[in-house]
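K.L.:
This is a predicted model, with the sequence first.
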Amino acid sequence: MRVALFIPCFIDQLFPNVGIAMATVLRRLQVDVYYPPDQTCCGQPAFNTGYWDEARALARRYVEIFADADAVVSPSGSCTAMVRNFYPELLGKPTQATTHTYEFSEFLVKHLGVTDVGARFPQRVTYHDSCHALRELRLQDEPRQLLRHVQGLELVEMDQAETCCGFGGTFSVKFPMISYAMDEVKVSSIQNTGARYVVSTDSSCLMQIDGYLRRLNLPIKTISLAEVLAST
Amino acid sequence: MTTPTLLQFERDATVKAADLRHRAVIQKNIGTYNIAVANGRTRFADWQNARSHAAAIKWETINHLDRYLEQFEQNVLTNGGHVFWAETAADAREHVLQLARRHGVQKVVKSKSMTTEEIHLNEALEAAGIHSIETDLGEYICQIRGERPYHIVTPVMHLTKADIAQTFQEKLGAPLTDSAEELAMIARAKLRHEFMTADMGITGGNFAIADTGMIALTENEGNARLSFSLPRVHVAIIGIEKLIPRLEDLALLWPLLAASGTGQALTAYNSLIGGPRQEREADGPQEFHVILLDNGRTRLLADGEQRDALHCIRCGACLNACPVYSNIGGHAYGTTYQGPIGSVITPHLPDAQEWSHLPYASSLCGACTEVCPVRIDLHHHLLHNRRNAIQRRFDGPIQRFLFRAWFWAMQSPVRYAVAAKLGNIALRRGLAHLLLKPWTAKREFPTPPKQSFRDYWRQHERRA
Amino acid sequence: MNVARDNILRRVHAALSAEALRPVAPTSAPVFPPITDPEARFRAEFVALRGEIIENAATLRAFVNGFAKIATDGSELTNKIIGEPNAGVRECDLGVTGCDYLVAQTGSIIVSTLSAGGRALSVLPPTHLVIAQHEQMVGDLASATALLRKRYDKHWPSALSVITGPSRTADIEKILVMGAHGPKRLALYFAD
């Protein structure tokens, strides 16, 4: 099985370690991965803002680039949801590439049947459900299963795990006051767990949460699920 | 496009989002609601299946609406009632005034109705010298405070006992009290007199039953029942989308509305009105009038993609689930219908451009769609509205240019890499200050690493 | 000639020429869990709503004696159990009526203008007493609506109400207060 890596544009540029961590874990599990270098962006920013013609053109690009992959795996719930749930609406029908694109934790648990990747991360950790992963991809259990099998990791649930962090793409800069209030509520929920780390499948959420934590100098760190799973 | 409405929204949202006391009250109420609703749902053997049943009933009705409207009208007329078709809010208001004049109405008692809010009925009645009194406790409090109701189901969610006691003291001369019960009894006593002396009762309707020609009214207090029982004329104003095919459909829809609205098995009173007082009956109004209101609903109906927004049973669940709503509250929206459903339907009104920002004031988290008891695809409709706004060129030239430029870069890996490199340098040198201001005003923005993923992969894979 | 009516119906008809997606189809599984013991279920629901069940004739006597001004629906059953009214609906402190059905699923009492002496008598008085018979008990709302249709389909009364507990409001800080506008107390007595 040839697995293509789909590394979203903002992870490529801002959080490359997340992509590297995902590739590392997949290779550790003997998965044959490759990275099509022509990929750029799934088009979600255009789609979410209402520029559907532009998003459609980028969707066609994606489908071409990943046409030969048996599976496409991405460390992003929101980009995966874009491809799997919204590309069919844009393109008029699903294709091989759109049906076979998976978020990383979903791929591990549901397709490789793996919940223990041999990771070690001895920290108290809480998990934030990204809205796209939770509601578009229906992933709630899978990331938690993976975390529970990480050596030394203590997983505590926060009160408002399922409540949106307030990122929402351009929403975070179009309506920053609302975005910030939502961020504040999320961080408060995180603080109440006593966790030192907050984990998510989505680095966009983590960027939003981290932005608040760093500005207020709080002793909590954000880390992607991929990076936790790559830790030994 | 920056409209005055958008600027007002931004101002109000900014104030409310930073108001921690306001946030605490709303979130406490929503917390209580969530517990009640979780409990209420357990009364259903399968909540998801119940939603599907309800969605099917509304789909059937809305997609054959002409047939059901005609059937409903026929039955109302047969049972001695009157039906008036109002194309616009103005038509509806004018008809109510005509009826009031014809019957020498000086005092009206009203039960809670978003539809009457939508058409600004009270202002029209007051302007005509007719005293119109809101009788739902929360609405009554809003009325005497001169505020619009805050939330579809709990109009004074944002007020504390102290706020209300203060209002009653100022406006009614009532003694200050800390007891919710005493406050409610003050209102009860005052309004009892109004019910008994009013000339006309005006209600909305939660459902309109086609096969029996009845209006169904859901409430907990009893003020709607008093409004349609005591005055000599009863007027019910309903949007044309309120139709349902059969009486039996209420066996599902009544419990569903109660569970999603308040977490109850049923609200205290679910009433059916089919006509004026009959000869064999002891009391009741002499005349019964139904006003069927369009006011833009046929426009939404014509949009096959978003038609299911007309399935809404006005339960308020989407507002309670929405993290935007729980942080800015209802008033900030500036519209009659707030929260997710409001942001879906308001852009379909005539002044769409003025409200085109509402679908964007959402992180698209999807919690609303998850809770909607009639399965309206709410957050996806926000996306559809955003697409419509761009198609209608409601975006400003700057945004359009930025997206065109971004798109041009994304279409080629080389252009992407160049643009990304430039962006990287700009960010690392702190040159993107102004662009990032909306973010960095209150949050840190990450410093991009020197090496991107693709650079790393190219470097390491070539070696491998 | 009704221009508005024609316009609206024409617009509706034209609007529907565009198709709308059908939602997820429901299954045929029952929407509500089955009710095995309606009497017990009704009692539990009714009491949880703060409804008061008057257990026997002696308790009824005591209950009624607590009210000075009593209005009734004047029905045969009410006259037999309570006697003649001594007040009108507007001045009474107790209103006594019959009912159509009792619904176990929700602890509800269904009244109509014909079974409860009009519209106001079951909502205006501060206390409402319902005289019922066990045969009026039904399991769920679906059965109730079917029976109502059978009873009234030839000639519906102008108003019906499904009463589920006394009047209430939680508008003030979500604090539950009974007797917002309708009766503060709802009592039920089985005549058989």
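P.N.:
Sure, I can see it.

K.L.:
ranges for the strands of chain A?
P.N.:
For chain A, strands defined by DSSP state E occupy the ranges A:2-5, A:32-34, A:71-74, A:101-103, A:124-127, A:154-156, A:197-200, A:221-224.

K.L.:
cool, chain C as well?
P.N.:
Along chain C, counting by DSSP E, strands occupy C:52-54, C:70-72, C:94-97, C:101-103, C:108-112, C:127-132, C:137-138, C:159-163, C:168-169, C:177-178, C:185-190.

K.L.:
May I ask you to name the longest helix in chain B?
P.N.:
As assigned by DSSP state H, the longest helix anywhere in chain B is helix B:20-41.

K.L.:
is the helix or strand just after that one anywhere near chain C?
P.N.:
Going down the chain from helix B:20-41, the next helix or strand is helix B:47-62, by DSSP states H and E. Yes - Helix B:47-62 lies within reach of chain C by CB under 8 Å from any CB of the partner chain, at B:Asn49, B:Ala50, B:Ser52, B:His53, B:Ala55, B:Ala56, B:Trp59, B:Ile62. To be clear about C-beta, it is placed using only N, CA and C from the backbone, and glycine gets the same treatment.

K.L.:
Let's see if you can find the most crowded of those residues.
P.N.:
Highest neighbour count within the residues of helix B:47-62 next to chain C: B:Ile62, with 25 neighbours (other CB atoms under 10 Å in any protein chain shown).

K.L.:
in which helix or strand would I find B:Cys142?
P.N.:
helix B:137-145.

K.L.:
in that helix, what's buried?
P.N.:
For helix B:137-145, the buried set under the neighbour-count rule, 16 or more other CB atoms under 10 Å in any protein chain shown, comprises B:Leu137, B:Gly138, B:Glu139, B:Tyr140, B:Ile141, B:Cys142, B:Gln143, B:Ile144, B:Arg145.

K.L.:
Indicate which one of the strands of chain C is closest to B:Met214.
P.N.:
Of all the strands of chain C, strand C:159-163 sits nearest to B:Met214, with 8.4 Å by CB to CB.

K.L.:
That closest one pairs with which strands?
P.N.:
Strand pairing for strand C:159-163, determined by DSSP bridges: strand B:269-273 (antiparallel), strand C:108-112 (antiparallel).

K.L.:
Touching it from outside, list them.
P.N.:
Contacts to strand C:159-163, defined as CB atoms under 8 Å, 6 or more residues apart in numbering or on different chains, come from residues B:225, B:228-229, B:254, B:266, B:268-274, B:284, C:100, C:103, C:106, C:108-113, C:119, C:122-123, C:128, C:141, C:144, C:148, C:186.

K.L.:
repeat that for 6 Å
P.N.:
B:Tyr269, B:Asn270, B:Ser271, B:Leu272, B:Ile273, C:Ser108, C:Ile109, C:Ile110, C:Val111, C:Ser112, C:Thr113, C:Arg119 (CB atoms under 6 Å, 6 or more residues apart in numbering or on different chains).

K.L.:
Dump that strand to CSV, restricted to CA.
P.N.:
Extracted in CSV, the C-alpha atoms of strand C:159-163 (Å, rounded to 0.1, in the frame of the first residue of the first chain):
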residue,chain,number,x,y,z
ALA,C,159,-60.2,24.7,21.8
LEU,C,160,-58.4,21.8,23.5
SER,C,161,-55.4,21.8,25.9
VAL,C,162,-53.0,19.2,26.9
ILE,C,163,-52.2,20.1,30.5
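
K.L.:
what about the nearest residue to A:Thr24 once chain neighbours are set aside, distance to A:Leu146?
P.N.:
Among residues not flanking A:Thr24 along the chain, A:Ala230 sits closest, at 4.8 Å (CB to CB, 6 or more residues apart in numbering or on different chains). A:Ala230 is 12 Å from A:Leu146, where distance means CB to CB, to the nearest Å.

K.L.:
Neighbour count for the two, which is higher?
P.N.:
Applying other CB under 10 Å to A:Ala230 and A:Leu146 shows that A:Leu146 carries more neighbours, namely 25 against 21.

K.L.:
tell me the contacts of the more buried one?
P.N.:
Going by CB under 6 Å, 6+ apart, A:Leu146 touches A:Ser105, A:Thr115.

K.L.:
Can you get me a residue count around B:Gly104?
P.N.:
B:Gly104 has 9 nearby residues by other CB under 10 Å.

K.L.:
Let me see the ranges of the helices in chain A.
P.N.:
Under the criterion DSSP H, chain A carries helices at the ranges A:9-14, A:16-28, A:44-49, A:52-65, A:77-81, A:87-91, A:96-99, A:104-106, A:131, A:141-148, A:171-174, A:176-191, A:203-215, A:225-230.

K.L.:
and the longest one, how far out from the chain's middle?
P.N.:
Between the centre of helix A:176-191 and the centre of its chain there are 19 Å (CA atoms, centre = their mean, to the nearest Å).

K.L.:
What residues sit buried inside it?
P.N.:
By neighbour count with 16+ other CB under 10 Å, helix A:176-191 contains the buried residues A:176-187, A:189-191.

K.L.:
returning to what we had before: any chance of the strands paired with strand C:159-163 in a markdown table, with mean pLDDT and mean neighbour count too?
P.N.:
Formatted as a markdown table, those follow (pLDDT from 0 to 100; neighbours: other CB atoms under 10 Å in any protein chain shown):
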| stretch | mean pLDDT | mean neighbour count |
| --- | --- | --- |
| strand B:269-273 | 98 | 26 |
| strand C:108-112 | 98 | 27 |
